[in-house]
Each structure stands twice: as structure tokens, then as C-alpha cells.
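S.K.: I need the structure of the sequence given here:
(chains A and B)
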There are 2 protein chains.
Amino acid sequence: MQLNDSSPSAVVLLSGGLDSVTTLAWAIDQGYACHTISFNYGQRHAAELSAAEHLSHELGALSHRIVNIDLAQMGGSALTDAGIPVPESQSIGIPLTYVPARNTVFLSYSLALAEVLQARHIFIGVNAVDYSGYPDCRPEFIAAFEYLANLATKAGVEGKTVKIHAPLQQLSKAEIVQIGMGLGVDFSKTVSCYQADDVGAACGVCDACRLRLEGFKQAVVADPTRYCGKNVTK
Amino acid sequence: MQLNDSSPSAVVLLSGGLDSVTTLAWAIDQGYACHTISFNYGQRHAAELSAAEHLSHELGALSHRIVNIDLAQMGGSALTDAGIPVPESQSIGIPLTYVPARNTVFLSYSLALAEVLQARHIFIGVNAVDYSGYPDCRPEFIAAFEYLANLATKAGVEGKTVKIHAPLQQLSKAEIVQIGMGLGVDFSKTVSCYQADDVGAACGVCDACRLRLEGFKQAVVADPTRYCGKNVTK
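M.R.: Purely as a prediction, here's the structure:
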């Protein structure tokens, strides 16, 4: 959709993975003037940050920011603490890859950026079906953050509603793949793996890879992901 | 109060100003095992960060962390954007010193730290009476964050309640001064001013100085603040 002066501005959280990239493509298709934000939070690899920057531009976002935040100093997750290995089989309950309060921190920064840009829409690619057991991907969490956002900011005080959009919330990974394909997303450029190598090739065995592999299989779509096998040493 | 193995752990947001330092003294007096957290967010001076570190140790907190976060790159506030001067008279409505979504970002980090430390208490020195018109100091904002915190984290999923304490919420600045004095806080070491000089001497004219001056006057307590006059050049 062509942007014009009345296109609503939106902040889109963009990790560079399959879900967030599809969310961006969806928001752009719906006519939002999108500004993307990625977080360098001490994750084990930076390939997803490069993917995010590239895809933000390719899909037509108006700006892209990488915010450096230091969750790593707090530890407590296999994604940010080198002392905790990434699990290579399906987890029961909340997995070791859970990063404490990560989506709360990410959405808070997005809210700050939205306030500065006077954007009243924030998009996040969380998913309640294939959500890996993370508490901060649940619909009730997103609803609670939207409620908070409207109390936390100037816009809220002035009666302007801030809306948190999670368009993938009720979709399966297969449905997300199909929607992304329909919107022309080049999935070969997205990086989902928790322990991808420096060029973004995926391990094929972590939770994120497992969900992604299954998604392509169920969508009956050829999987364009580059896999480097299990012998990833990070 | 003497700490022991059953003392509940708490994370205390500590800016180094009068309110947050009194909050820390209050939490320690109530028997909490306190871990303090300060934020280097591109504010105009770092004197308050030094004050926070010193007072955390002096009052008996168990640990202190300074988290570097970059709100400055987003701009939009007189406290983080050199292009916006600090107002030197009382503001109407939400003032220029408001930092977009600041307390949301600060509380999110505190929640992450609480989760890693398995602390179920977070203390913040916000104040609804002398709150300078900031939307994220209001009681309804604090209540909304507490609700969010219990959905956002492992503790919440496991049925363990996270509590956000704002013990100064309904107090006047004069009452806060009196409580702090009773708890032995050395107010000469706290820094409240928005544009203090490098050694922490206050301008005496910004909103924060105005509220603090008035607080000491109404509490009928000698004001130990070091003032350097209006000729602050920052």
C-alpha cells in the first residue's frame, strides 16, 4: 500500500526472525508507516541483527534503530549467559532460553520510541500457539502492556490511545509461513536459530529451529533456511 | 533491622535523589535485603550516579548495579537532549523534563533483575503529590506495572506474586524529608537537581530544586543542599 501524509506511524519490533519479519510485512501491507527497532542484548550471535537491518530496508520501513541494552550482565538465560548451554531438545515448562523480562524491556523501549515519534501503534510478532512456554508471549501479557502504555505516556494522558498489535498471536507457524509467502517475504534472509553461525546458518536442533522446520513442513512450503548442522560451536 | 536468611530480597531503584534514597532507607528499615539499581541514561550530569553508588553502600544495600541505557538517542526530553533547555520556572502540564516512558523502562529492567535474583519486591520512590506532572509517577501507573509484572515473568506463572512498593506515593516532600531524617539519611549527599554541577551542587531554580527547597522549608528542617546558584552552564 502506498504511504501518504495520513498513513498512521508505527514502531515494529524486528528481531530478524521469521515471525517479526512477517509482522513487518503485514504492517506495511496494511498501510502503516513503519519504523523498526532491534535490540542488541548480548544474544549469542549477531546474525539476526544484520538480517533485521537488511530486511527493514528491503521491505520498506522508514527508519531502523539498533538499541544496545545490557541484559547479559544480569545473566539467567541460555541466550545471554555463556555458562548456560542452549537446549537441543524440546523443553518442558519455561525453557532455559527464556530471557528474564525480555519482552517487557523491549516493549518499554518501543513505547519510548513511539512517544518520541508520536506513533500510536506498536507491532510485535509474538505468537501464543508456538510460543515455546515464554510467559511474556501470552495474549494476557500483551493486553496488560497495552493497558500500561496508556497510563505511562503523554499520549495516554491526553486521551490518545496507544495500541499494541500482535497480529500473529493466534496463528500456527505454518499459517505464519503462508502469510509471509503471500506478502513476498524472502525467508532465506530471516534468522530464527538461537545459535546461528556468523553468516546466519541455523543449527537445526534448538527449539526455534524445531518450530521453524515444522512450520515449513506443515505449510507444505520448501524450507529456504541455510542449515549448518548440529556442530555449531559458540 | 538485622538481615537473616529469611529476609525478603528486594530490588530498589536508586537515582541518588532525596526520594529514592529515603525509599532505600525505608526498605532497609523494614527488613528487606536490598539490591540497588541505577540507570545511566544520558542524563545531563553524572553526579547523581556517584551519589547513588555511595549511598547504596552507606545505607547497607547488598549490591549496586549501574545499567547503561541509551534513551538519549531517542531524544524528546530536556534531561537527555542537549537541544532542549531545562525550564527554570514551574511548568504547566507535562514538563519538558519528562523523559519518554522512562519509568516503564526503569521498572522493566528492575523486573529483569528481580527475576534473576529471585526477589519478589521492587521499590520505587515515585510520589503522587509532588510528582511534577509525569504520567509515569501516578498510582494507577504503578498498579498497572504490578499487574503486568505478574504476567510477564516466571514467578507470576508459578503463582509467586511480584509486588511493586511505592512507599512515598501519598506523601508530601516535607513528609519525605521528615521520614528520611528519622531514618538517618544524610541529605547533604543526595542530588536532586536536574542540572547539578560535576560535584553535585544544585542550581536552585529547576523544578526538582524548587520542590526540594519547599520540602525542607515546610518540614522546618535546615536544608543541607549545596547550591551553586543559577549560573550553571551545562
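
S.K.: can you map out the strands along chain A?
M.R.: For chain A, the strands defined by DSSP state E occupy A:9-13, A:33-40, A:63-68, A:121-123, A:163-165.

S.K.: what helices or strands is the first one leaning on?
M.R.: Same thing as strand A:9-13. Where contact means 3 or more Cβ pairs under 8 Å, 6 or more residues apart in numbering or on different chains; DSSP states H and E, strand A:9-13 is packed against helix A:18-29, strand A:33-40, helix A:102-117, strand A:121-123. Using the backbone N, CA and C atoms, a C-beta is placed for each residue, glycine as well.

S.K.: so for chain B, which of the ones you listed sits nearest?
M.R.: Among those, helix A:102-117 comes nearest to chain B, with 3.7 Å by Cβ to the nearest Cβ.

S.K.: can I get the CA coordinates of that closest one in CSV?
M.R.: Taking Å, rounded to 0.1, in the frame of the first residue of the first chain, the C-alpha atoms of helix A:102-117 are listed here in CSV:
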residue,chain,number,x,y,z
ARG,A,102,12.8,-9.5,27.8
ASN,A,103,9.6,-8.6,26.1
THR,A,104,8.7,-6.1,28.9
VAL,A,105,12.1,-4.4,28.3
PHE,A,106,11.7,-4.5,24.5
LEU,A,107,8.2,-3.1,24.6
SER,A,108,9.2,-0.4,27.0
TYR,A,109,11.8,0.9,24.6
SER,A,110,9.4,0.7,21.7
LEU,A,111,6.9,2.7,23.8
ALA,A,112,9.6,5.4,24.4
LEU,A,113,10.4,5.5,20.6
ALA,A,114,6.7,5.6,19.8
GLU,A,115,6.2,8.5,22.1
VAL,A,116,9.1,10.5,20.6
LEU,A,117,7.9,9.7,17.0
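
S.K.: pLDDT averaged over that helix - what is it?
M.R.: For helix A:102-117, mean pLDDT is 90.

S.K.: now do stretch A:194-208
M.R.: So the average pLDDT for stretch A:194-208 ends up being 82.

S.K.: buried sites along it?
M.R.: Neighbour-count burial for stretch A:194-208 flags A:194-197, A:200-208 (criterion: 16 or more other Cβ atoms under 10 Å in any protein chain shown).

S.K.: same check, this time on stretch A:154-164
M.R.: Buried residues in stretch A:154-164 (16+ other Cβ under 10 Å): A:154-157, A:162, A:164.

S.K.: residues touching the worst-scoring helix or strand of chain A on mean pLDDT, excluding its own?
M.R.: Lowest on mean pLDDT, DSSP states H and E among the helices and strands of chain A sits helix A:154-157, with a mean of 75. Contacts to helix A:154-157, defined as Cβ atoms under 8 Å, 6 or more residues apart in numbering or on different chains, come from residues A:115, A:118, A:120, A:149-150, A:161-162, B:94, B:98, B:100, B:135.

S.K.: now render the buried residues of stretch A:194-208 as CSV, adding distance to residue A:145.
M.R.: Converted to CSV, these look like this (distance: Cβ to Cβ, whole Å):
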residue, distance to residue A:145
A:194, 24
A:195, 28
A:196, 28
A:197, 33
A:200, 30
A:201, 34
A:202, 30
A:203, 31
A:204, 33
A:205, 32
A:206, 27
A:207, 24
A:208, 23
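
S.K.: shaky segments in chain A?
M.R.: Where chain A drops to pLDDT under 70, the residues are A:1, A:42-45, A:70-99, A:130-133, A:229-234.

S.K.: shouldn't residue A:196 be in contact with residue A:47?
M.R.: Yes. Using Cβ atoms under 8 Å, residue A:196 is in contact with residue A:47, at 4.6 Å.

S.K.: how about the helices in chain A?
M.R.: A:18-29, A:47-59, A:102-117, A:139-152, A:154-157, A:173-182, A:207-218 (DSSP state H).

S.K.: which of those sits closest to residue B:140?
M.R.: helix A:139-152 (5.4 Å; Cβ to Cβ).

S.K.: quick one, that closest one and helix A:102-117 angle?
M.R.: For helix A:139-152 against helix A:102-117, the angle by axes from the mean of the first three to the mean of the last three Cα atoms, to 10 degrees is 40 degrees.

S.K.: sorry, back to before: switch the helices and strands packed on strand A:9-13 over to CSV; also include mean neighbour count and distance to chain B.
M.R.: Shown next, in CSV, are the helices and strands packed on strand A:9-13 (neighbours: other Cβ atoms under 10 Å in any protein chain shown; distance: least, Cβ to the nearest Cβ, whole Å):
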stretch, mean neighbour count, distance to chain B
helix A:18-29, 25, 19
strand A:33-40, 23, 10
helix A:102-117, 25, 4
strand A:121-123, 24, 11
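
S.K.: turn these into a markdown table, columns for distance to residue B:2.
M.R.: Formatted as a markdown table, the helices and strands packed on strand A:9-13 follow (distance: least, Cβ to Cβ, whole Å):
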| stretch | distance to residue B:2 |
| --- | --- |
| helix A:18-29 | 49 |
| strand A:33-40 | 41 |
| helix A:102-117 | 34 |
| strand A:121-123 | 46 |
